[in-house]
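# Model the structure of this input:
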Amino acid sequence: MVPEAETWLGTDEINLQGPLAGVPVSMKDTVAVRWFDVSVGYSRNTGRPCLVDGPHVRLLKEAGAVPFVKTNVPVTLLSFESTNDVWGRCVNPHNDKYSPGGSTGGEAALLALGGSRIGVGSDVAGSVRAPAHFSGCYSLRCSTGRWPKMGMSTSMPGQEGVPSVFSPMARTLDDLTYFSRAFIKCGPWRYDHSVHPLEWRDNIEDEFREKVLRVGVMRTDRVVDPSPACSRALDLVAKALKDQGHEVFDVEPPSPYEALVLASQLLNADGCAMFRSFFRTGEHTDPGAGQMSFYMDLPRPIKYLYYLWVKYVRRDPVWAGLLKDWHPKTAFENWKLVAKREAYKAQWHDWWRELDGGKGMDFMITPPNATPAVPHGGMKDAVSSCGYTFLFNLVRRDFSCTQHCR
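Sure thing, here's the model as predicted:
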């Protein structure tokens with residue numbers, strides 16, 4: 001979008017007196033920009049340029065930022081890879097044999113390479129945090145209602161079992177902080193009714209800057225233990241916080257495995273029908289999403305026999321439990337899942353508040369993912385490794401962020 005961006009700069013379309021004046025901003029190819037397609041990686045969505053800017057773009061231009069490029073995603077948006085038949089494969093900026101992450105993988109790769117300063121992505125199970133982790137940049141998964149979500153396209157319109165949130169990404173921590181603060185101070189609720197009209201509170205930012213923090217460390221989700229590299233990164237962060245005088249201690253939250261089972265069932269309660277409805281004949285799917293579709297389509301008697309084999313012959317009750325009820329849900333079944341979700345959230349927040357005799361925590365840190373960047377096609381075997389990020393979309397109250405560790 002570089003020629004168009006130069007045109008916008010020559011008019012009053014971009015406010016060069018705003019807090020982001022002249023800052024180049026990249027955005028995931030799910031954001032509506034006037035004159036351009038929103039492909040979401042599907043060929044069906046090409047040749048359909050948007051007629052107006054979405055709320056994100058209008059607010060960014062008002063703040064002075066210059067949208068100049070859209071970045072690659074995985075078809076379906078349900079993967080920690082970023083490959084589709086429209087734009088091809090996005091590779092890791094440090095090793096082209098590996099994924100940059102997903103679904104906001106192109107954004108993370110561009111930021112990590114220094115090709116952009118700030119960016120916009122979305123996250124339903126780790127889609128800004130895993131790319132930041134895989135590629136080496138910074139992200140913040142905002143709370144529901146904190147960042148605009150209207151004027152976007154998605155692979156799963158209508159899905160509300162696990163809400164997706166749009167969120168900021170940046171090349172550095174200072175950039176991420178400045179971008180988040182400036183964007184919220186511009187009042188995004190003026191453009192999007194789904195955003196809470198909650199001002200940026202400088203007093204709280206100042207308070208936490210001076211506070212001795214209570215920081216819990218979740219070292220494993222008991223589904224997929226983190227690799228040695230990811231464990232080492234977590235240890236480095238915990239040690240750095242402790243060296244700065246903060247109180248750091250290990251925690252065991254209410255079953256993250258239960259959260260993964262609930263979240264995966266809620267996210268795909270339609271039997272994967274919606275994201276598959278956008279494919280054209282012959283269009284390739286993502287390996288991870290393809291794995292989910294394969295098990296979803298197995299006849300239930302065969303699936304039950306496979307469940308028994310996995311549980312009692314392979315002796316893998318974790319994977320067996322994830323597969324057991326992996327089928328399309330009726331409205332009745334979906335409502336029961338939502339009720340279980342709410343009960344789990346209440347249990348989670350009670351645990352957080354009552355921890356250590358009611359002292360609670362200020363923050364909890366975890367590995368951003370069970371693995372570092374996966375090889376291309378690796379999500380076929382790593383589809384259940386997303387519990388470290390997916391958990392926080394299910395409980396969806398607190399902010400969740402990822403920064404890379406050197």
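
# chain center to the longest helix anywhere in the chain, what's the gap?
Using DSSP state H to assign secondary structure, the helix with the most residues in the chain is helix 331-358. Remark: helix 331-358 is offset 21 Å from the chain centroid, using CA atoms, centre = their mean, to the nearest Å.

# buried stuff in that helix?
Of the residues in helix 331-358, those with enough neighbours to count as buried (16 or more other CB atoms under 10 Å) are Asn334, Leu337, Arg341, Tyr344, Lys345, Trp348, Trp352, Leu355. All C-beta spots, glycine's among them, are computed from the backbone N, C-alpha and C.

# For Leu260, see how far away the residue lying closest to the first one once chain neighbours are set aside is.
Read that as Asn334. Taking CB to CB, 6 or more residues apart in numbering as the measure, Asn334 lies nearest to Ala269, with 4.8 Å between them; neighbours along the chain are not counted. Between Ala269 and Leu260 the distance is 15 Å, computed by CB to CB, to the nearest Å.

# higher neighbour count, these two?
Leu260 (26 against 23; other CB atoms under 10 Å).

# List the residues that contact that one.
Taking CB atoms under 8 Å, 6 or more residues apart in numbering as the contact definition, Leu260 lies against Asp221, Val223, Leu322, Ser384, Cys386, Gly387, Phe390, Leu391.

# give me the element it is part of.
Assigned by DSSP states H and E, Leu260 falls within helix 256-267.

# Could you list the alpha-carbon positions for that helix in PDB?
As requested, the backbone C-alpha atoms of helix 256-267 are provided in PDB (Å, rounded to 0.1, in the frame of the first residue of the first chain):
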ATOM      1  CA  PRO A 256      -5.100 -25.700  32.500                       C
ATOM      2  CA  TYR A 257      -6.000 -29.000  30.800                       C
ATOM      3  CA  GLU A 258      -9.700 -28.500  31.600                       C
ATOM      4  CA  ALA A 259      -9.400 -25.000  30.100                       C
ATOM      5  CA  LEU A 260      -7.900 -26.400  26.900                       C
ATOM      6  CA  VAL A 261     -10.600 -29.000  26.600                       C
ATOM      7  CA  LEU A 262     -13.300 -26.400  27.100                       C
ATOM      8  CA  ALA A 263     -11.800 -23.800  24.900                       C
ATOM      9  CA  SER A 264     -11.100 -26.200  22.000                       C
ATOM     10  CA  GLN A 265     -14.700 -27.500  22.100                       C
ATOM     11  CA  LEU A 266     -16.200 -24.000  22.300                       C
ATOM     12  CA  LEU A 267     -14.000 -22.600  19.500                       C
END
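
# I'd like the next helix or strand past that helix.
If you walk from helix 256-267 toward the C-terminus, the next helix or strand you reach (DSSP H and E) is helix 273-276.

# That next one - contacts with which helices or strands?
Helix 273-276 is packed against no helix or strand, with contacts defined by 3 or more CB pairs under 8 Å, 6 or more residues apart in numbering; DSSP states H and E.

# who touches the helix or strand following that helix?
Proceeding C-terminally, helix 273-276 gives way to helix 287-297 as the next helix or strand, assigned by DSSP H and E. Taking CB under 8 Å, 6+ apart as the criterion, the residues outside helix 287-297 that touch it are 74-76, 78-81, 268, 271-272, 275-276, 285, 303, 323, 326-328, 377-380, 382-383.

# and if we set it to 7 Å?
Residues outside helix 287-297 that contact it (CB atoms under 7 Å, 6 or more residues apart in numbering): 76, 78-79, 268, 271-272, 275-276, 285, 303, 323, 326-327, 377, 379-380, 383.

# and these, which are buried?
Burial by neighbour count, 16+ other CB under 10 Å: within those this picks out 76, 78-79, 268, 272, 275-276, 285, 303, 323, 326-327, 379-380, 383.

# If we ignore the residues flanking it in sequence, what's nearest Asp250?
In this structure, Asp250 finds its nearest non-sequential neighbour in Val217, 5.1 Å apart by CB to CB, 6+ apart.

# Next one: that neighbour from Pro55, what distance?
Between Val217 and Pro55 the computed distance is 37 Å (CB to CB).

# So for these two, which sits in the more crowded spot?
Regarding Val217 and Pro55, a neighbour count based on other CB under 10 Å identifies Pro55 as having more, with 23 against 19.
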